[in-house]
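Asker: Just a sequence and a predicted model for now, questions to come.
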Amino acid sequence: MKIDHVGVAVRSLDEAAAFYRRHLGLVETHREEVAAQKVKVAFLSDPADPSGTSVELLEPTSPDGAVAKFIAARGLGMHHLAFDAGRGAGSVASAMERMRAGGAPPLENAPRPGARGHQVCFFHPKHCAGVLVELVGG
Ligand code: CMX
């Protein structure tokens, strides 16, 4: 599967986005609050390839969210790798089942709504060579 985005835990979307804009030439393509995940997120891409792999900045909105806990335990930096499961209905559910059958059980039983109106599902780092993996699709 192609990498859809790389998630990066930050303290401030604005400060981190300025780094990617100024020094790496990326542009911000989307920003929203994902209340269920207790984060605000911003997506940045290469303006020459806006639908290519992006960087998702994740700023915690509450100390008991997954990203705030990650920063407290491990510091700022790379939080997850998200793979593109495809855009058809049921794409994430099918990929989840393939991974479950192969011995990597998803953290959730079913896809749930994520940023940008997509369906998502996460896999624990202990089943994914030490990296939190997300499937994104739908
Ligand atoms: N990458 C690598 N390792 C991680 C990690 C991450 N992102 N998050 C936690 N860990 C490690 C911890 O450091 C800890 O390691 P040790 O056992 O070596 O100390 C271990 O995983 C802890 O695992 P845990 O006790 O099972 O659970 P946690 O409470 O730390 O939660 C996780 C970890 C992955 C289950 C939880 O963060 C989760 O459910 N994540 C999925 C949802 C999410 O991350 N949402 C935010 C992004 C939303 C978005 O992109 O829109």
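Answerer: Structure received. Numbers count the residues shown, from 1 in each chain.
Asker: In a helix, residue 71, correct?
Answerer: Yes. Using DSSP: H, G, I helix; E, B strand; the rest coil, the assignment for residue 71 is a helix.
Asker: which ones are touching the closest residue to residue 21 other than its chain neighbours?
Answerer: Excluding the flanking residues, the one nearest residue 21 by Cβ to Cβ, 6 or more residues apart in numbering is residue 27, at 6.9 Å. Bear in mind the C-beta positions are built from the backbone N, C-alpha and C, glycine included. By Cβ atoms under 8 Å, 6 or more residues apart in numbering, residue 27 lies in contact with 21, 44, 45, 46, 47, 50.
Asker: Near the ligand, which residues of this protein are found?
Answerer: When proximity is defined by Cβ under 6 Å from any ligand atom, the chain lies next to the ligand at 7, 34, 37, 39, 41, 56, 58, 66-67, 69-70, 73-74, 79-80, 107, 114-115, 122, 124-125, 132.
Asker: Now the buried members of those.
Answerer: Buried by 16 or more other Cβ atoms under 10 Å: 7, 34, 37, 39, 41, 56, 58, 66-67, 70, 79-80, 114-115, 122, 132, out of the residues of the chain next to the ligand.
Asker: Out of the residues you listed, name the ones that lie in strands.
Answerer: With strands taken from DSSP state E, the overlap with those comprises 7, 34, 39, 41, 56, 58, 79, 80, 122, 132.
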